[in-house]
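> Model the following, please.
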Amino acid sequence: MKLLFVASEAYPLVKTGGLADVAGSLPEVLRQNGVDVRLLLPAYGDLLESLDTRPPLVAELELAGQTVRILEARLPDTALATWLVEHPLFSQRPGNPYHDPQGKPWADNAERFMLLSRAAAQISTRDTALEWQPDVLHCNDWHTGPAIALVHLEQRRPLTVFTIHNLAHMGLFDRATFDRLQLPGHFWQGDAMEYYDNISFIKGGLVYADYITTVSPGYAREICEAPGGMGLEGLLQQRRERLVGILNGIDGLTWDPATDAYIEQRYDADSLPDKSLNKQALQQALGLEVRSDLPLLGFVGRLDQQKGLELMLPVLPQLLALPVQLAFLGTGEALYEQQLQALADAHPGCVAVVLAYNESVAHRIEAAADIFLMPSLFEPCGLNQLYSLRYGTLPLVRAVGGLADTVVDASAAAMASHTATGFVFREPTAEDFLATVQRACRQWQDKETWRQLQLTAMAQDFSWQQSAARYLALYRSAPEQ
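Coordinates of the predicted model:
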């Protein structure tokens, strides 16, 4: 089976969020399972500079009057063939793939990601100098939605799969942009890619894909109803028979406390007491008081409304009165950054805030924290709760999407059956969040029970092998086209 896997980012070449973790892991696991995989990415300027040597040119493609060069590399530390779409729109622009230094979307994002989509569509349906065509085209998120639509214009085409990692990002552009992109006129219809007088790139995937997947079964259910469907619930309900929720996995080599090079002290279930040395080291590194008698609560993620900042911020002073220590890592909306920094300034030794994306600090928080905070308003899958489980850092989550699918609340019944792995609350209120943190902190005081919760959490298997097996089954169940 030949598979073309298309994404706008893949770890470790380029990463802004969970999509990169998926694109950097799933294709390689599928390759290891016998699939002939090619990963297709934009050749961003920073990505090319990060490579030890310049990748060789393997093809040139003519795409709607523009020439792009296809370079071939290997995803670092894998044998995965990675094709990079080189064009000035990607290659001559440093920095964030999607936003300018002021945090605003690049003005030509529609042209940029239409170019990626056209490249994917041409490779998938026509003879090219690559001398390779896929049996399956698997696209991800709004940046690649048009590729699915363009492929379905062709008589000879592969099976198409489109994965929603976050429906909130739809790739919306105005009518003038649609005209400038020179797309077929019938795409500007409600049953195609038109969305409330805009063109929606993500609808290209939702309308035309043979199969739609989401990154958890819970999220697949949520987006078929308001408000989770964000105006697309009617379309998704119509396509329910072709909509499948497949839980993301995690990279067990990168995220393993027994081998993690980023953390102070490696440990596993048999040496769980050594985890406390990571807590001590992080407290020292972030300027927190070195105390073993307080629970350390960690947060790693984007500082935006989706991640539950509106639930956390109003009650953080009450949390500190429990007392606890707090460690935050992330960037996002300026107001949230300012509020967190002000809290840290007002509570030195108790609150640490790192306003950055830092892979090393992310690993260190996962290894050091006692409780990981993830009170998302919605969460398609979530990866940090999976990392937390593996590190024996009990996740505290809201019962939405993939969080509800992966964390078992420490109720009396679940603890009695040794199935509890964390703490779960339902209502999107600061009060419910606070009550759950208070419950978790009370439980933390019972060291014997807490250790059992940690061991149960660490025994969970969320490897990519399980997810890859489900994708393989989907690829092989080709519907009539």
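> Helices of the stretch 101-250 of the chain, start to end?
Taking DSSP state H, counting those that start in this stretch to define them, one finds helices in the stretch 101-250 of the chain at 109-125, 145-151, 175-181, 201-208, 217-222, 233-238.
> which of these is buried the deepest?
Among the helices of the stretch 101-250 of the chain, judged by mean count of other CB atoms under 10 Å, the one packed with the most neighbours on average is helix 145-151 (a mean of 28). Heads up, the C-betas are built off the backbone N, CA and C, glycines and all.
> Quick one: mean pLDDT over that one.
Mean pLDDT, computed over helix 145-151, is 98.
> Please save the CA atoms from that helix in CSV.
Backbone C-alpha positions of helix 145-151 (Å, rounded to 0.1, in the frame of the first residue of the first chain) are rendered in CSV as follows:
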residue,chain,number,x,y,z
GLY,A,145,-8.6,20.4,2.9
PRO,A,146,-8.5,21.7,-0.7
ALA,A,147,-6.3,18.8,-1.7
ILE,A,148,-9.2,16.4,-1.0
ALA,A,149,-11.6,18.5,-3.1
LEU,A,150,-9.2,18.9,-6.0
VAL,A,151,-8.5,15.1,-6.1
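> which other helices and strands contact it?
If you count contacts as 3 or more CB pairs under 8 Å, 6 or more residues apart in numbering; DSSP states H and E, helix 145-151 packs onto helix 109-125, strand 136-140, strand 159-164, helix 201-208.
> for residue 354, what are its contacts?
Going by CB atoms under 8 Å, 6 or more residues apart in numbering, residue 354 touches 286, 327-330, 361.
> can you pull up the bridge partners for the nearest residue to residue 130 once chain neighbours are set aside?
Among residues not flanking residue 130 along the chain, residue 59 sits closest, at 4.8 Å (CB to CB, 6 or more residues apart in numbering). Beta-bridge partners of residue 59, counted by DSSP bridges, are residue 70.
> Residue 59 against residue 128, yeah?
Yes - using CB atoms under 8 Å, residue 59 is in contact with residue 128, at 5.7 Å.
> For residue 112, see how far away the nearest residue to residue 305 once chain neighbours are set aside is.
Distances taken as CB to CB, 6+ apart place residue 377 nearest to residue 305, at 6.5 Å, with adjacent residues excluded. According to CB to CB, to the nearest Å, residue 377 and residue 112 sit 29 Å apart.
> Which one, of the helices and strands packed on helix 145-151, ends up nearest to residue 442?
strand 159-164 (37.8 Å; CB to CB).
> Give me every residue in contact with that closest one, excluding its own residues.
For strand 159-164, the external contacting residues (CB under 8 Å, 6+ apart) are 22, 135-141, 144-145, 148, 151-152, 202, 205-206, 208-215, 219, 223, 380, 471, 474-475, 478-479, 481.
> Would you mind writing the PyMOL command to select the buried ones in those residues?
Remark: buried members of the contacts of strand 159-164, expressed as a PyMOL selection using 16 or more other CB atoms under 10 Å:
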select buried, resi 22+135+136+137+138+139+140+141+144+145+148+151+152+202+205+206+208+209+210+211+212+213+214+215+219+223+380+471+474+475
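> pLDDT weak spots in the chain?
Judged by pLDDT under 70, the chain has its weakly predicted residues at 478-481.
> Residue ranges of each domain in it, please.
2-249+465-475, 269-460 (automatic domain parsing).
> any idea how far the shortest one is from the chain center?
Right, domain 269-460. 18 Å (CA atoms, centre = their mean, to the nearest Å).
> Quick one: distance of stretch 265-285 to the chain centre.
Stretch 265-285 sits 26 Å away from the centroid of its parent chain (CA atoms, centre = their mean).
> Which residue is the nearest non-sequential neighbour of residue 366?
Closest residue to residue 366 apart from its sequence neighbours, by CB to CB, 6+ apart: residue 391 at 4.7 Å.
> what does residue 203 give?
Nearest residue to residue 203, sequence neighbours excluded (CB to CB, 6+ apart): residue 193, at 4.6 Å.
> For the stretch 351-481 of the chain, which segments count as helices?
With helices called from DSSP H, counting those that start in this stretch, the stretch 351-481 of the chain shows them at 359-368, 384-390, 401-406, 412-416, 430-444, 447-458, 464-475.
> returning to that earlier point: nearest to residue 306, of the helices of the stretch 101-250 of the chain?
helix 217-222 (12.6 Å).
> Run through who's touching that closest one.
For helix 217-222, the external contacting residues (CB under 8 Å, 6+ apart) are 164, 213-214, 228-229, 243-247, 378-381, 400-405.
> So residue 143 sits against residue 8, correct?
Yes - if you go by CB under 8 Å, residue 143 and residue 8 touch, sitting 4.0 Å apart.
> Buried residues, the helix or strand residue 317 falls within. List them.
Per DSSP states H and E, residue 317 falls inside helix 316-320. Applying a neighbour-count criterion of 16+ other CB under 10 Å, the buried positions in helix 316-320 are 316, 319-320.
> Distance to residue 51 for the residues you listed - can I get that in JSON lines?
Formatted as JSON lines, the buried residues of helix 316-320 follow (distance: CB to CB, whole Å):
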{"residue": "316", "distance to residue 51": "42"}
{"residue": "319", "distance to residue 51": "44"}
{"residue": "320", "distance to residue 51": "45"}
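> Give the burial count for the residue nearest to residue 415 when sequence neighbours are not counted, as a bare number.
If the residues on either side of it in the chain are set aside, residue 415 comes closest to residue 449, at 6.9 Å by CB to CB, 6+ apart. For residue 449, the neighbour count with other CB atoms under 10 Å is 14.
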